[in-house]
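need coordinates for the following:
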Amino acid sequence: MPGRLTVKAEDLEAELKVLIVEALMLKDTTPEQISSTAPLFAEGLGLDSIDALELGIAVEGRWGLKIGTDEALAREVFRSVQTLGAFILKELARAEQTSK
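Prediction:
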C-alpha cells in the first residue's frame with residue numbers, strides 16, 4: 001500500500017471511526033460521536049467480544065493486518081480508536097520495512 005504511511009494519525013482515526021460504525025452496524029452512533037481516546041469496550045462505546053472479532057476482521061480486510069490471538073495484546077490494541085490507529089501505523093511501517 002504505497003503512501004499509506006504518510007497518513008496522519010488523526011486521519012486514520014477518522015477512517016477507523018467510520019469503519020467501526022459501518023462494520024458493527026451502529027445505527028445510533030455516528031463517527032463524529034466516537035472519541036479517539038474513550039474506551040471502546042464497557043463504559044466507553046460499549047462494544048463486546050463479538051464486536052471485537054468483527055472489528056478485527058474489518059481491520060484485516062481494510063489493511064491486511066491481523067491482531068492475533070494474544071488476549072493481552074488485543075485488549076491493548078482495542079482499548080481505544082487511538083490505540084488501534086497506533087497499532088495499524090506501527091504494523092504498516094513494519095510491513096513496509098520488511099518488504100524493502
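
select the longest helix from the protein.
helix 81-98 (DSSP state H).

next, count neighbours for residue 69.
7 (other CB atoms under 10 Å). All C-beta atoms are positioned from the backbone trio N, CA, C, and that covers glycine.

can you check the one 10 residues further on too?
Counted with other CB under 10 Å, the neighbours of residue 79 add up to 17.

ok, the one 10 residues further on next?
Residue 89: 17 surrounding residues under other CB under 10 Å.

any idea how far it is from residue 43?
Distance, residue 89 to residue 43, by CB to CB, to the nearest Å: 26 Å.

ok, residue 72 next?
From residue 72 to residue 43 the distance is 20 Å (CB to CB).

how much space between residue 68 and residue 88?
Distance of residue 68 to residue 88, computed by CB to CB: 13 Å.

tell me which of those two has more neighbours.
The neighbour comparison of residue 68 against residue 88 (other CB under 10 Å) goes to residue 88, with 23 against 10.

residues in contact with the more buried one?
Going by CB atoms under 8 Å, 6 or more residues apart in numbering, residue 88 touches 12, 16, 59, 63, 65.

buried ones in stretch 71-78?
Within stretch 71-78, the residues scored as buried using 16 or more other CB atoms under 10 Å are 74, 77, 78.

just these now: which is nearest residue 31?
The shortest approach to residue 31 among these belongs to residue 78, at 17.0 Å (CB to CB).

just confirm residue 24 contacts residue 48, I think it does.
No. Applying CB atoms under 8 Å as the test, residue 24 and residue 48 come out as separate, 10.0 Å apart.

okay, the two: which has more neighbours?
Neighbour comparison, residue 24 and residue 48: the larger count goes to residue 24, with 18 against 10 (by other CB under 10 Å).
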